[in-house]
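> no sequence for this one, just the structure:
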Ligand code: HEM
């Protein structure tokens, strides 16, 4: 039976079935001896098969009619590859790297929008920027829902903005979380980001073997401070471990809303030891990790809050949890209704942590990979940083080497040819044009969420169709369909990008500056009304971190056993997020001076932070 449901549907000639059906009718009235029992069983199976065949034919005819676009019916569905009876496309969409398969089908069926269905769960994949822009951005209100993330529910998530369905609770969370991370709002976090960037560079230089921990620490320390007011001092801190475990649990959970539980929700009640329920087992095994990351930092932050609230000499921290509790207290004092419950505060802080730390760290890992593998790009970016640090101006033409007259070869001990005497600041960031192009090229070639986080369509007051179905380029998108933007495919679209597999940051420069004038990549932070809340915060973190690394560090290929530089083929994981797996890299300070420079600046930054925190008691400022 199982094989029947899972396998391709093939029921045999119709004449056999008619015969079997009539014998089924006869057998039902016959006395049951051994032989008749067998015959009865055979007939029952045959009868069931006929019933299923009729149901299947009806299903097929109906869906064919939809596909053809019967003029009396609605527009046809977008094209889709053949599927199985009942299970539809479930078995046909690969669990790993499905974004590649979707692009392949998009070319095969010559359509940028593809349609899939499993047990009544419908989804479309948008393989072009044009489709994503039209549906998710221009018709954003209709496409701002999320599907139910049944697997994540099984993992035990508190209400988090990322997974919330479209509605008042989503609106409330977004209203609270978005303003502090808006372009202007997140300026207040910049001193913290710069301090952590300097600490990261120092850790990279001191312990190059553990370079990935230094990067993780950078991202975790920022999010813990912003969310909970907790200082995460070193890469070996227990909070880093906790955050890394949670990131791994989410990262390996598979693409959001793609498990069998998401497609067929009742399967969540099946035993998790069944062979096809591995992802349910995974959800159960990782429940504790999700519980830890949601509860433990929150409890620590709350006990700090209560201590400070009772002590008139101490100021509350400028963090999300303290700010939200302070506002709750204010509401209570003024007899105002408070709509943000403790669960919401807990969920909001956990959202920031999970959505913000791993994404930033994984992007930095990719940056280090591409800088290491492309020394020409690294040299050009360093030249830009050197120029800006020394002249405080912006290069008027491409700087390949800030001191072209110095004949030192790249990767020599004298790589700090410009002899920098200061470190990048946040005011410098807008001037780092080439550094920003490197970041854009990393977004394009390796989007962290190749299929984004799925949206879903809802009924909208502007709908023409009474069922809330929508039409795009003559194709019908039924109401309630899950929508995946294939960001990976969009950023490899040959109509937009020449040689899409090549890492070439100059492609975005205008033609008169020697570039190809190509558009910046799209979709790395999502689309429309669900676009990433933390985009500006993340970009500020990334740009100051990259600039700080370029100013102080030289990345090179690792040294092989023969003493020469050894090139390598990076390995990636595409389970959930697309990340690069650990690799070896040679990390050296650009000059002995940079370590001292880092030490001095870190000390100054810590003192400034302490002074701000020890200010007189009062609630956190509204922008915190
Ligand atoms: C490089 C870093 C990051 C990347 C690549 C990234 C990517 C994304 C993507 C693809 C989405 C889905 C958007 C959509 O559905 O259309 C998203 C949503 C979200 N991101 Fe980020 N993100 C990053 C950093 C951050 C940070 C630092 C925060 C912290 C505040 C954050 C908070 C969120 C939240 C709360 C959502 C859900 C928004 C909603 O559903 O309404 N992200 N992000």
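Structure received. Since the structure is predicted, the reported quantities are computational estimates derived from the model, not experimental observations.
> on the three-state scheme, the most centrally placed residue in the chain is what?
In the chain, the residue lying closest to the centroid (CA atoms, centre = their mean) is residue 449, at 4.2 Å. Secondary structure assignment for residue 449 (DSSP: H, G, I helix; E, B strand; the rest coil): coil.
> what's around the residue nearest to it when sequence neighbours are not counted, how many residues?
Closest residue to residue 449 apart from its sequence neighbours, by CB to CB, 6 or more residues apart in numbering: residue 577 at 6.2 Å. For the C-beta atoms, the positions are set from N, CA and C on the backbone; glycine is no exception. Counted by other CB atoms under 10 Å, the residues lying close to residue 577 total 19.
> in contact with residue 577, which residues?
250, 251, 358, 359, 362, 448, 449 (CB atoms under 8 Å, 6 or more residues apart in numbering).
> please repeat the previous calculation with a cut-off of 7 Å.
Neighbour list for residue 577: 251, 362, 448, 449 [criterion: CB atoms under 7 Å, 6 or more residues apart in numbering].
> if we can go back for a sec, please report how far the residue nearest to the centre of the chain lies from the ligand.
4 Å (CB to the nearest ligand atom, to the nearest Å).
> quick one: pLDDT of that residue?
pLDDT, residue 449: 93.
> burial of residue 505, as a residue count?
Per other CB under 10 Å, the neighbour tally for residue 505 reads 22.
> same thing with residue 564?
9.
> and it, its phi and psi?
Dihedral angles phi and psi of residue 564 (degrees, to the nearest 10) take the values phi -100, psi 160.
> repeat that for residue 573.
Torsion angles, degrees, to the nearest 10, at residue 573: phi -120, psi 130.
> from here on, count from 90
Noted, 90 is the first residue going forward, which turns the last one into residue 662.
> for residue 527, what are its contacts?
Residue 527 touches 456, 466, 470, 594, 635, counting by CB under 7 Å, 6+ apart.
> picking up where we left off before, any quick ChimeraX command for the buried ones out of the contacts of residue 666?
A single ChimeraX command selects the buried members of those (16 or more other CB atoms under 10 Å):
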select :340,451,537,538
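> secondary structure element for residue 445, which one?
helix 431-462 (DSSP states H and E).
> same deal with residue 626?
Per DSSP H and E: residue 626 is located in helix 624-641.
> show me the strands in the stretch 190-339 of the chain, by range?
Ranges of strands within the stretch 190-339 of the chain are 202-207, 210-215, based on DSSP state E, counting those that start in this stretch.
> mind listing what the first one pairs with, with the direction of each?
Okay, so that is strand 202-207. When pairing is defined by DSSP bridges, strand 202-207 lines up against strand 210-215 (antiparallel).
> is the strand it pairs with positioned near the ligand?
No: Strand 210-215 stays clear of the ligand (CB under 6 Å from any ligand atom), getting no nearer than 11.3 Å.
> what does the domain assignment say about this structure?
141-217+539-580, 257-483+507-538+613-703 (the TED database).
> weakest of these in terms of mean pLDDT?
With a mean of 85, domain 141-217+539-580 has the lowest mean pLDDT of these.
> starting at the chain centroid, how far to it?
23 Å (CA atoms, centre = their mean, to the nearest Å).
> re earlier: neighbour-wise, which of the contacts of residue 527 leads?
residue 635 (26 neighbours).
> contacting residues for it?
Taking CB under 7 Å, 6+ apart, we find residue 635 in contact with 456, 524, 527, 528.
> do the same with residue 453
304, 631, 634.
> so which of the residues you listed is the most crowded?
Most surrounded of the contacts of residue 453: other CB under 10 Å gives residue 634, at 27 neighbours.
> no further questions, thank you.
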